[in-house]
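> Using only what follows, build the 3D model:
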Amino acid sequence: MDLIVSIWSDYWIVRTVVFTLITVVGLLIAVAYLTYAERKVMGAMQRRQGPMTVGPFGLLQPIADGVKLFSKETIIPSQAHRVVFLLAPMILFALSLVAWVVIPFDKGWVLANINVGVLYLFAISSMGVYGVIMAGWASNSRYAFLGALRSASQMVSYEVSMGLIIVCVLLTTGSLNLQEIVLAPRPFWIQAMLFPMFVVFLISILAETNRAPFDLPEGESEITGGFMVEYSAMAFALFFLGEYANMILMSAITVTLFLGGWLPPFGFEFLAFVPGIIWFALKTAMILFVFIWARATLPRFRYDQLMRLGWKVFLPLTLFWVVFVAGMLITFDALPK
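This next block holds a predicted model:
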């Protein structure tokens, strides 16, 4: 019996290690080629080529960029706090990876199928503020510190609305487990009721990841580059990787909460034989396209406009919608059993 228990525990250890490696390597490849896709899509929108000389169709451009960044010398400002300065990008990059342990790619394809997966994601996303503040403070630069304060206040502001939006989803599904959220039955009227929150959530994740038109922490015309302005080489590359990994993570969370995760989209049930991970990847790519589309087409907000949108528009709207969703579910006796 002890032998069986030992073999079983070893199997789960090996499975966990293999699944973790596959997830991390796949995410790093996805991040690299998201930068390529962004430049290609923006090039098409602006009637230019984008990357096209390094490798066939420019497909080796992300690899060339990575080699260049990781081979440069890391310059640390003389008055910077060296330990905190180097720790900040590591924290941000690590947080962008550890959040993936609760994201279900397919039925049963999740590293940690915990019953409080949504709370885990909240905890991890809120810790990102620490890395940003550390980077801005340790650089000993007024511009970096101002960018860090902007970024921290922006992330905190929009996390409030995102939390209330997720409460709306939880009311209709009755679970904090991400797999159960995907599998929960959603009639058309519930999907229609959640659609406004889906739109608000899309806008909020743009602000949460500091992407255009909410890229105020990196406002080149105002503060020259944000909290990472003093970083170079490998340290800057970790910020860069963390930002794009967060984009993919937020897109995956959106797909899991609102778009049915790995399940075929509405009207495509006859394609249920297609592996769920392919549907999940296609839906995530669709949300990532919205990130790129917004960057290519929308002008940057002023900072007061950004704060006004978060606190005076999204917060009252999401608070009202939580009450509205709860009221509708009670009225039609549709609360999840």
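> Mind naming the longest helix for the protein?
Ranked by number of residues, the top helix in the chain under DSSP state H is helix 2-45.
> average pLDDT for it?
Averaged across helix 2-45, pLDDT comes to 81.
> Beyond it, next helix or strand please.
Later in the chain than helix 2-45, the nearest helix or strand by DSSP states H and E is helix 61-71.
> Check what contacts that following helix and list those residues.
32-33, 35-36, 39, 51, 53-55, 233-234, 236-237, 240 (C-beta atoms under 8 Å, 6 or more residues apart in numbering). Any C-beta I mention is one placed from the backbone N, CA and C, and that applies to glycine too.
> Taking the residues you listed, tell me the two that lie furthest apart.
Farthest-apart pair in these is Thr53 and Met234; separation 24.8 Å (C-beta to C-beta).
> quick one, which of those two is more surrounded?
Legend: neighbour count by other C-beta atoms under 10 Å for Thr53 and Met234, higher for Met234 (15 against 10).
> Enumerate every residue touching the more buried one.
Shown in contact with Met234 (C-beta under 8 Å, 6+ apart): 69-70, 72, 74.
> Would you show me how to pick out the buried ones of these in ChimeraX?
Buried residues among the contacts of Met234 (16 or more other C-beta atoms under 10 Å), as a ChimeraX selection:
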select :69
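> Tell me the one among the contacts of Met234 nearest to Ile165.
The nearest member of the contacts of Met234 to Ile165, counting by C-beta to C-beta, is Leu69 at 35.4 Å.
> Could you grab the helix/strand/coil label for the residue nearest in space to the middle of the chain?
In the chain, the centroid-proximal residue (C-alpha atoms, centre = their mean) is Met250; its distance is 2.6 Å. Assigned by DSSP: H, G, I helix; E, B strand; the rest coil, the conformation of Met250 is helix.
> Now do the contacts for the closest residue to it other than its chain neighbours.
Excluding the flanking residues, the one nearest Met250 by C-beta to C-beta, 6 or more residues apart in numbering is Ile205, at 4.0 Å. Counting by C-beta under 8 Å, 6+ apart, Ile205 touches 162, 250-251, 253-254.
> can we see that at 10 Å?
Contact partners of Ile205, counting by C-beta atoms under 10 Å, 6 or more residues apart in numbering, are 158, 162, 211, 214, 246-247, 249-251, 253-254, 287, 290-291.
> so how far is Ile114 from it?
22 Å (C-beta to C-beta, to the nearest Å).
> swap in Leu263?
Distance of Leu263 to Ile114, computed by C-beta to C-beta: 21 Å.
> Please apply the same query to Phe320.
Applying C-beta to C-beta to Phe320 and Ile114 gives a distance of 31 Å.
> Counting neighbours around each, name which of those two comes out higher.
In this view Phe320 and Ile114 are compared by other C-beta under 10 Å, and Ile114 has more residues nearby, 16 against 11.
> Tell me which residues of the helix or strand hosting Val199 come out buried.
Using DSSP H and E, the element containing Val199 is helix 188-208. Buried residues in helix 188-208, counted by 16+ other C-beta under 10 Å: 190, 193-194, 197-198, 200-208.
> Ok, stretch 276-287 next?
276, 279-281, 283-284, 287.
> Kindly indicate which of the residues you listed lies nearest Ala94.
For the buried residues of stretch 276-287, the nearest to Ala94 is Thr284 (21.2 Å; C-beta to C-beta).
> on that earlier part again, give me the buried subset of the contacts of helix 61-71.
32-33, 35-36, 39, 51, 236-237, 240.
> can the residues you listed go into TSV with extra columns for distance to Leu121?
Formatted as TSV, these follow (distance: C-beta to C-beta, whole Å):
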residue	distance to Leu121
Ala32	24
Tyr33	24
Thr35	24
Tyr36	27
Arg39	29
Pro51	33
Phe236	26
Ala237	25
Phe240	22
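> which of the residues you listed lies closest to Val83?
For these, the nearest to Val83 is Phe236 (17.7 Å; C-beta to C-beta).
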